[in-house]
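In: Pasted the sequence and its predicted model underneath.
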Amino acid sequence: FSCPFNLKSQYTVFNLYYKDRMGKQVIIDANNQTFILRTNIGNSITYGLESYLDFIIHNSPKFRWSVFTASSFMKGKYLNGDVTNGIENVSVDGNLLPGVPQVISRNGFLFKTNKWSATLQYSYTSSFYSDPLNIEFAENGTVGLVPSYGILDFNTSLIVTDFLVLKGSLS
């Protein structure tokens, strides 16, 4: 089987163990006063796969045309730990890590000549939690599930002279 494309690829598999993550806990002192303390709250693990694929459809001295994808697939979760819910400390064992989307993907087309290039790219980020308690929704908007989103970008550049390059983008 002969592939008509020149394929460049790179893969990275990773596993990150994070000991003594920072978080907030409720502490009651000797005078029975309640305080919120920022301290070590537990341990977490994140594992995933990052990949880059570049399908070079045409590559000559006159122009290059390719299709690419750069994607990450991750899962980060608490192995153990306790954080405050505002009143008391509760377990976050097994909860997903805040700020860690499970999918981030950048996909697009590149066309390039000696003087001009253009890229059309779609970027996608899956939903993720903004807090260790994995709250779906809060009326005050300070915590909750951050919804997935996608962005379509077009970028172009033109080399006018050795000292002048015109660039533009549209999202």
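Out: Here it is on my side, so go on.
In: Now the residue nearest the centre of the chain: closest residue in space that isn't a chain neighbour?
Out: Geometric centre of the chain, nearest residue: residue 104, 4.9 Å, by C-alpha atoms, centre = their mean. Sequence neighbours aside, residue 72 is the residue nearest to residue 104 in space, at 4.6 Å (criterion: C-beta to C-beta, 6 or more residues apart in numbering). (C-beta placed from N, C-alpha, C; glycine too.)
In: what is the one you found paired to in the beta sheet?
Out: Beta bridges link residue 72 to residue 50, residue 104, judged by DSSP bridges.
In: State the number of residues packed around it.
Out: Applying the criterion other C-beta atoms under 10 Å, we find 18 residues in the vicinity of residue 72.
In: Equivalent analysis for residue 92, please.
Out: 26.
In: Begin at 728, not 1, for the rest of this chat.
Out: Renumbered: residue one is now 728, and that last one reads residue 819.
In: close enough to count as contact, it and residue 859?
Out: Yes: contact status for residue 819 versus residue 859: in contact at 4.7 Å, counting by C-beta atoms under 8 Å.
In: any residues in contact with both of the two?
Out: The overlap between the contact sets of residue 819 and residue 859 (C-beta atoms under 8 Å, 6 or more residues apart in numbering) consists of 768, 805, 808, 810.
In: Quick one: neighbours of the second one, just the number.
Out: Counted with other C-beta under 10 Å, the neighbours of residue 805 add up to 25.
In: quick one on the thing from earlier: what sits against the residue nearest to the centre of the chain?
Out: By C-beta under 8 Å, 6+ apart, the contact list for residue 831 reads 798, 799, 801, 850, 851, 852, 853.
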